[in-house]
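Fold the following, please.
(one chain, ligands or ions: 1)
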Amino acid sequence: MRMGNGFWIKAAVLAACMMPWGLAAGAQGFPSKQITMLIPFAAGGPTDVVGRLVGEHMSRSLGQPVIIENAVGAAGTLAGQRLMGSTPDGHVILIGHTGTHAAAVSLNPNLKYRPVEDFAPVGLVNTNPIFLTVRKTHPSSTLSEFVSWLKANEKTASNAHAGIGSVSHTTCLLFNTVVAAKPNGVPYRGTGPAMNDLVAGQVDYLCDQAVNVAPQHRGGTIKTLAVASTSRAAALPDVPTSAEGGVPGFKVEVWNAMFAPKDTPAPVVAKLNQALKAALADATVKAKLNELGAEIPAAELQEPAGLQAFVAAEIERWAPIIKASGVKIE
Ligand code: MLT
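Next up, the predicted model:
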């Protein structure tokens, strides 16, 4: 993901603001007990898989177990509320994503947190290409065939997603808006269970992250019609891009990021950040993430200040997309 000059200036200013606060407190004795990592979606889905992979390595670096808790609800935003109410000592952290920490701001007028102001950013974990997938028995085998089918069948077409504002919802919302289709949304507690139903042929299509798509695609249990990126994904090179499939406007990439409660002492955030970066630099973790189609972010984005500026930019980037779609949570 490339960021412009303005982005890096903001990141540098934020880093400078964070420094004196960082010098004020120490991280001695941290962690003194197990760390709970809140995952906003169901077990087995992409956020859960990434969280477990990174959390396992972090527990070795930090010398305390990192326990996963799937705090599911309100399209992933309940976990953010949980984090806000947690003691800011680094023992509760959260893996958020494009939906929970960017798109939700424009989509949900009742969102109970401000992603930039209300959390202490730890670091960007990964970026993840998005794929449009259909059930194996679907009559379409290419993206252009699917668009024709969708336009002819939108009243009965079922589009699985992980709740209004989730990544699977917002990215398919972009696709549906671009092709001017209004299918029936079918919400799940995460794309883990949504993918199970796609594999079982219970729903027609799902926009999902590489991490969840790659194993099913390789196993031949679904049809993957397009990747919503400028170029084909290294992990699934046989899948055409959306532009190759005739829908160039369907272009989107998503991310996962780690947050701690606001007011967590900077040295504690720094210790979490070191453990996160160590996980992302580990050859086995890296290979596993890459095999699943996820990519390790640029070094600057793995830093708290880089993430903070990045989230602010992402909130701005998603606002016009959501506005154009006309969708809002009431
Ligand atoms: C998940 O982990 O289930 C997904 O990230 C949910 C989503 O589509 O946002």
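
Give me the mean pLDDT for the strand ranked longest in the chain.
In the chain, taking DSSP state E as the definition, the longest strand is strand 119-135. The predicted model assigns strand 119-135 a mean pLDDT of 98.

Please apply the same query to stretch 49-68.
The model assigns stretch 49-68 a mean pLDDT of 98.

any idea how far residue 263 is from the ligand?
When distance is defined by CB to the nearest ligand atom, to the nearest Å, residue 263 is 27 Å away from the ligand. Quick note: C-beta positions are derived from backbone N, CA and C, even for glycine.

OK, contacts around that residue?
Residue 263 sits next to 88, 120 when contact means CB atoms under 8 Å, 6 or more residues apart in numbering.

so which strand or helix has it?
In the assignment (DSSP states H and E), residue 263 maps to no helix and no strand.

Mind checking if the longest helix along the chain is in reach of the ligand?
Looking across the chain with DSSP state H, the single longest helix is helix 304-325. No - judged by CB under 6 Å from any ligand atom, helix 304-325 stays clear of the ligand, getting no closer than 13.1 Å.

mind checking pLDDT for the residue most central in space within the chain?
Closest residue to the average C-alpha location of the chain: residue 97 at 3.3 Å, with CA atoms, centre = their mean. Model confidence at residue 97, expressed as pLDDT, equals 97.

shift numbering so it begins at 16
I'll keep to 16 as the first residue from here, and by that count the last item is residue 112.

Who does it form a beta bridge with?
Taking DSSP bridges as the rule, residue 112 bridges to residue 271.

measure residue 236 to the ligand for me?
Note on residue 236: its distance to the ligand, by CB to the nearest ligand atom, is 17 Å.

ok, that residue - how many residues close by?
Neighbour count for residue 236, taken as other CB atoms under 10 Å: 17.

which residues sit in contact with the residue nearest to it when sequence neighbours are not counted?
Distances taken as CB to CB, 6 or more residues apart in numbering place residue 214 nearest to residue 236, at 4.6 Å, with adjacent residues excluded. Contact analysis of residue 214 by CB under 8 Å, 6+ apart lists 150-151, 231, 236-237.

now these: which count as buried?
Using 16 or more other CB atoms under 10 Å as the burial test, those include 150, 231, 236-237 as buried.
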